[in-house]
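K.L.:
structure for this input, please:
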Amino acid sequence: MELLESIVNFLNGILWGKNLLVVLLIGAGIIFSFKTKFVQIRLFKHMIELLGEKSEKDDNNLSSFQAFCISTATRVGAGNLAGVVSALAIGGAGSIFWMWMVALLGSATAFIETTLAMVYREKDDQGGFIGGPAFYLKNGLGKKRLGLVFIGTGIICWSGVLQVVSNSVTESFNVAFGIDMKIMSIILVIISAGVIFGRRDKIAKVLDKIVPIMSILYLAVVLFIVIKNFNLLPGVIGNIVKEAFGIKEGIGGAVGAMVMQGVKRGLFSNEAGTGSAPCAAASANVSHPVKQGLIQSLGVFVDTFVICTATAMVILLTDGEITKGLGGMELLQVAFNYHIGAFGKIFIAIILFLFSFSTLLGICFYGRVNVAFASKKEKYQNAFKIFALVMIFLGGLHQNILMWNLADLGLALMTIVNMIGVFPLLPKALEELKDYENLNLNRDMEEILEKI
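P.N.:
Below you'll find the predicted structure:
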């Protein structure tokens with residue numbers, strides 16, 4: 001076990017410690033933004049319109065909104081709470097600005113990888129679409145073995161994430177309600193099993209209800225806190241901008257640490273470039289690949305500019321003397337207690353459960369898609385589901401630092417393998433974007449001529 005920890009820590013030290021992944025993903029975001037002429041800004045209004053567009057009824061595939069909910073479920077998870085808290089505790093208010101910048105660039109990356117997933121997806125034995133990095137590595141580049149490598153790295157990452165997220169739930173319920181972590185772990189496994197062993201579309205149907213409810217519930221309470229402290233808001237926003245450029249602290253090592261914290265936590269939170277979200281997006285029933293690419297791009301905005309910013313505002317609007325020296329979920333619970341009283345601790349436990357449970361289900365969906373790439377036999381699908389439940393149970397019992405590190409390592413390796421496929425296939429995604437924009441231009445011209 002010690003040898004494994006040493007290997008994992010060594011590799012993480014290279015990939016994350018030397019900021020290689022940060023440079024790779026930021027660089028990709030910049031390149032894709034310019035190549036698409038900043039599609040994430042140009043077509044932002046259109047993205048919102050597409051989200052409300054009804055898909056043709058298809059029992060074998062997801063609606064565009066369901067695919068959006070699955071990918072959003074894994075993005076909008078415990079990382080939106082714990083990740084933001086960590087960024088603020090280490091990097092200060094300025095780190096939030098850099099999380100915003102990462103999301104702006106990452107939304108272009110999300111667009112490219114999702115569009116490719118739609119182009120190179122396949123149909124399974126039941127007539128449903130499945131896709132993701134493994135599929136465009138095989139069908140786009142002819143590298144099936146590399147697709148299998150992506151699946152291996154994904155399992156490493158997801159095994160760690162499942163345990164980490166499960167532990168967050170059991171620990172928060174133990175603090176808020178005094179429920180034994182072992183009992184809560186068993187409850188979590190039973191609830192999860194009831195969903196993932198149901199019909200193939202059950203995960204999607206559960207998530208398209210949970211994701212909107214949990215997001216609206218969380219944002220409603222945060223909005224109340226913001227309105228209640230509206231007079232402090234200009235000062236908070238001012239501090240974010242000032243600290244982002246070191247105006248307040250002065251130029252030095254602290255500024256670099258703050259920037260990197262914002263960048264890293266932003267990448268962890270929105271997942272753009274890791275190849276996870278395209279695994280859900282490829283199952284969407286839409287008329288053009290670019291449509292789902294735009295919707296997944298919007299998901300990055302929702303994750304960071306809405307949910308992450310909401311968490312940051314609650315903390316930054318709290319009296320600094322009260323939160324001084326605190327970190328982790330304790331910092332967030334104290335912040336909510338400060339604003340809404342003793343109910344704050346209970347509220348965070350409930351929200352964390354919803355956020356985390358949706359993440360668990362999203363990962364189980366990703367796993368199903370990727371196992372199907374390796375083998376379409378149902379026994380392997382069920383084997384992954386059992387594996388996921390075991391990880392959930394073990395994670396719920398106690399916190400394991402190795403699992404955090406494994407999740408980090410798996411995420412880094414997934415990203416590298418994904419990018420090996422994305423960069424060479426970029427021209428194909430750009431070709432699809434050009435085709436889509438031409439179609440819309442012709443349609444608009446026809447509507448104008450009809451009115452004349």
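
K.L.:
quick one: what helix or strand has Ala87 in it?
P.N.:
With secondary structure defined by DSSP states H and E, Ala87 is part of helix 84-91.

K.L.:
list the buried ones in whichever helix or strand comes after that helix?
P.N.:
If you walk from helix 84-91 toward the C-terminus, the next helix or strand you reach (DSSP H and E) is helix 94-119. By neighbour count, and taking 16 or more other Cβ atoms under 10 Å as the criterion, the buried residues in helix 94-119 are 94-119. In this view, the C-beta of every residue, glycine as well, is placed from N, C-alpha and C.

K.L.:
what of stretch 424-443?
P.N.:
Neighbour counts over stretch 424-443 (16+ other Cβ under 10 Å) mark 425-426, 428-430, 432-433, 436-437 as buried.

K.L.:
ok, which stretches of the stretch 1-150 of the chain are helices?
P.N.:
Taking DSSP state H, counting those that start in this stretch to define them, one finds helices in the stretch 1-150 of the chain at 2-12, 20-35, 39-42, 44-51, 64-75, 84-91, 94-119, 133-139, 144-177.

K.L.:
what's the least confident stretch among the ones you listed?
P.N.:
Least confidently modelled of the helices of the stretch 1-150 of the chain is helix 64-75, at a mean of 64 by mean pLDDT.

K.L.:
rewinding a little: which of the buried residues of stretch 424-443 lies closest to Asn370?
P.N.:
Distance to Asn370 across those (Cβ to Cβ) is lowest for Leu425, with 18.5 Å.

K.L.:
what sits against that closest one?
P.N.:
Under the criterion of Cβ atoms under 8 Å, 6 or more residues apart in numbering, the contact partners of Leu425 comprise 116, 120, 136, 140-141.

K.L.:
can you check Leu116 too?
P.N.:
136, 140, 278, 421-422, 425, 428-429.

K.L.:
could you identify the most distant pair in these?
P.N.:
Pro278 and Lys428 (13.9 Å).

K.L.:
could you report the neighbour count for the closest residue to Gly367 other than its chain neighbours?
P.N.:
Setting aside the residues directly before and after it, Gly367 is nearest to Phe384 in space (Cβ to Cβ, 6 or more residues apart in numbering), at 4.7 Å. Counted with other Cβ atoms under 10 Å, residues neighbouring Phe384 total 20.

K.L.:
got a list of what Phe384 touches?
P.N.:
The contact partners of Phe384, taken as Cβ under 8 Å, 6+ apart, are 364, 367-368, 371.

K.L.:
distance from the chain centre to the strand or helix carrying Ile416, please.
P.N.:
Here Ile416 sits within helix 401-451, counting by DSSP H and E. Relative to its parent chain, helix 401-451 has a centroid offset of 16 Å by Cα atoms, centre = their mean, to the nearest Å.
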